[in-house]
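Engineer: Just the structure for this:
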Amino acid sequence: MNGLIKLELTRALRNRKFLFFSVIYPSVLFLLIAGSADSTTKIDGTGLTLPTYMMVSMASFGALTAVLMGNSERIAKERQNGWVRQLRLTSLPGRGFVLAKTASAAVVSLPSIVVVFVVAATVKHVRLDAWQWLVLTAAIWAGSLVFAALGVALGYLASGDAVRPITMITYFGLSILGGLWMPTATFPEWLQQISKWVPTHAYAALGQAIEQNQAPHAEDIAVLAVYFALFTGGAAWLYRKDTLKA
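Structural biologist: The predicted model follows:
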């Protein structure tokens, strides 16, 4: 299993296009959105400035890109070209395959988080205590496992040709409704109520609570836990279904 993890990591790090969109792209978006923003005006209901708010949003967006886009398309294409079938002939257990995919995505997601933080601190002079930077990084990185599980599920749900549009719709829907591209306070009231139940909203809220020097809200943790259970359960069911089909 260690060999497969190393292989997955090597493949992910060699994919320059994937690295750009998962590591560089979120930082570019942060600069486009918060580059000329006032560093003193607070966003309603958060007590955070726009640069501070968007730093967590874009770090979460980068991690989402790495684990969701990376897993779903790669798994679907590997099923199509027979690579997954070949792995089943080895002694590698199914959980080892899923773990290797998740580990490679998680390793790529960490730089995307760190780069956004560095850009925010150096360009927009975002300042937090040392413990906040560490806990913030850990929380966003750990929370990305929810979407890594979703990526695995989508990879087994769709074929190699269909997986991209399905993943993109899911990806942009989660990003927009979850408030990763703009504060949900700017949404109409009815859309704000919907966004509270979107996993990306709870995901970003973890980091925002840490920035506010508060403990994450129990409701946000519960939402992420429920979605994690649903996504992992769905991924496991689809994996078994795919195995029986093969």
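Engineer: Return the distance of Trp141 relative to Thr46.
Structural biologist: Distance, Trp141 to Thr46, using CB to CB, to the nearest Å: 22 Å. C-betas here are computed from N, CA, C, even on glycine.
Engineer: same deal with Val152?
Structural biologist: Using CB to CB, one gets 33 Å for the distance from Val152 to Thr46.
Engineer: So between these two, which is more surrounded?
Structural biologist: Val152 (27 against 18; other CB atoms under 10 Å).
Engineer: Is the more buried one in a helix, a strand, or coil?
Structural biologist: helix (DSSP: H, G, I helix; E, B strand; the rest coil).
Engineer: contacting residues around the residue nearest to Phe21 when sequence neighbours are not counted?
Structural biologist: With sequence-adjacent residues excluded and distances taken as CB to CB, 6 or more residues apart in numbering, Phe21 is closest to Thr65, at 5.8 Å. Taking CB atoms under 8 Å, 6 or more residues apart in numbering, we find Thr65 in contact with Phe21, Ser22, Tyr25, Pro26, Ser112, Tyr171.
Engineer: can you redo the residues you listed as TSV with pLDDT and distance to Ser57?
Structural biologist: Output for these, formatted as TSV (pLDDT from 0 to 100; distance: CB to CB, whole Å):
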residue	pLDDT	distance to Ser57
Phe21	70	16
Ser22	73	15
Tyr25	87	13
Pro26	90	9
Ser112	87	13
Tyr171	93	15
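Engineer: Contacts for stretch 220-237 next, please.
Structural biologist: Under CB under 8 Å, 6+ apart, the answer for stretch 220-237 is 98, 143, 145-147, 149-150, 152-153, 156-157, 197, 199, 201-203, 205-206, 209.
Engineer: Selecting buried members of those residues in PyMOL, what would you type?
Structural biologist: A single PyMOL command is used to select the members of the contacts of stretch 220-237 judged buried by 16 or more other CB atoms under 10 Å:
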select buried, resi 98+143+145+146+147+149+150+152+153+156+157+199+201+202+203+205+206+209
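Engineer: So which of the contacts of stretch 220-237 sit within strands?
Structural biologist: Under the assignment DSSP state E, those contribute nothing to strands.
Engineer: Restricted to helices, list the contacts of stretch 220-237.
Structural biologist: 98, 143, 145-147, 149-150, 152-153, 156-157, 199, 201-203, 205-206, 209 (DSSP state H).
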